[in-house]
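S.K.: Curious how this folds, go ahead:
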Amino acid sequence: MIVIKNIKWDFSDTEFEDCNYEESRKIAILPKSLKLKEDELDSDAEDEDVIEYLLENYGFEVKSIKLEKDD
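M.R.: Below you'll find the predicted structure:
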């Protein structure tokens with residue numbers, strides 16, 4: 001299992017660009033953290049793979065994440 005903590009979303013060039021970050025995150029229904037099972041993403045995934053997964057599944061760019069791999 002991959003635990004993604006401290007997801008920082010990038011609202012540049014979006015309708016939320018000039019809005020409060022937390023309010024924008026809640027309106028867009030974006031998580032602060034997430035747990036992914038191996039059927040969603042390989043356990044050996046790197047940061048770039050996780051960021052790509054988040055972009056594909058949530059439609060917003062990501063500034064940063066903190067990964068914890070839980071075996």
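
S.K.: low pLDDT regions in this structure?
M.R.: Residue ranges of the chain with pLDDT under 70: 69-71.

S.K.: and the longest helix along it, how far from the chain's centre?
M.R.: Using DSSP state H, we find that the single longest helix of the chain is helix 47-58. Remark: helix 47-58 is offset 7 Å from the chain centroid, using Cα atoms, centre = their mean, to the nearest Å.

S.K.: Kindly calculate the angle that the following helix or strand past that helix makes with helix 47-58.
M.R.: The helix or strand immediately downstream of helix 47-58 is strand 61-69, counting by DSSP states H and E. Angle between the axes of strand 61-69 and helix 47-58 is 120 degrees (criterion: axes from the mean of the first three to the mean of the last three Cα atoms, to 10 degrees).

S.K.: For strand 61-69, buried residues please.
M.R.: Val62, Ile65 (16 or more other Cβ atoms under 10 Å). The C-beta positions use only the backbone N, C-alpha and C, and glycine is treated the same way.

S.K.: what do you get for stretch 22-34?
M.R.: Buried positions in stretch 22-34, judged by neighbour count with 16+ other Cβ under 10 Å: Ser24, Arg25, Ala28, Leu30, Leu34.
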